[in-house]
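Participant: From the sequence below, what's the structure:
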Amino acid sequence: MKLDESLQLHHFGYLTNSITYDLELFSKIGFECSSEVLLDSARGIEIVFLTIPGSDMLLELIQPKESFETQIGNSHGSRLGRTLKNLMGKRPGLYHMGYTVQDANFLPLDLRLRSISTREPAVALGGRCVVFFLTPTGSIFELIFEQ
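Facilitator: Residues are numbered from 1 along each chain as shown. Just a heads-up that it's a prediction; the model follows:
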């Protein structure tokens, strides 16, 4: 059963130690850049979106920068920072799914999700606001608000 018709899959997030290396790797298997590499200095990360030609699916490469450690306690939410730091300690790879949502007041309460960030504008998404949620089993969902 689909929770909400306004939810649309936007991208898969892939945590990496090296955007440069993974850009080369993913280009060899058919992905192309669909954005520039952008620095989100508020979150201490670099981000680039990739796509496969003829597909709407996006892959977001995310690389924490040196300043990432100092961002963990900032206004974007220390829980998100701690979660990413923990994931980087285990291994890079796929770690979240991003969904666009039309309703600015939408909150997935019946999924028992716990917010791990505040709603803040995202540089890589043209300033659209995003918020991250953690499921009871440890999966991460990102909501991207269209309004």
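Participant: Which residue ranges of the chain form helices?
Facilitator: For the chain, the helices defined by DSSP state H occupy 19-28, 68-71, 78-90.
Participant: Out of the ones you listed, which gets the lowest mean score?
Facilitator: Confidence, taken as mean pLDDT, is least for helix 68-71 of the helices of the chain (a mean of 48).
Participant: Disregarding residues adjacent in the polypeptide, which is nearest to Phe49?
Facilitator: The shortest distance from Phe49 to any non-neighbouring residue, by Cβ to Cβ, 6 or more residues apart in numbering, is to Ser35 (4.3 Å). In this view, the C-beta of every residue, glycine as well, is placed from N, C-alpha and C.
Participant: My guess is the one you found contacts Ala124. True?
Facilitator: Yes: using Cβ atoms under 8 Å, Ser35 is in contact with Ala124, at 6.9 Å.
Participant: can you list residues touching both of these two?
Facilitator: Common contacts of Ser35 and Ala124 (Cβ atoms under 8 Å, 6 or more residues apart in numbering): 47, 49.
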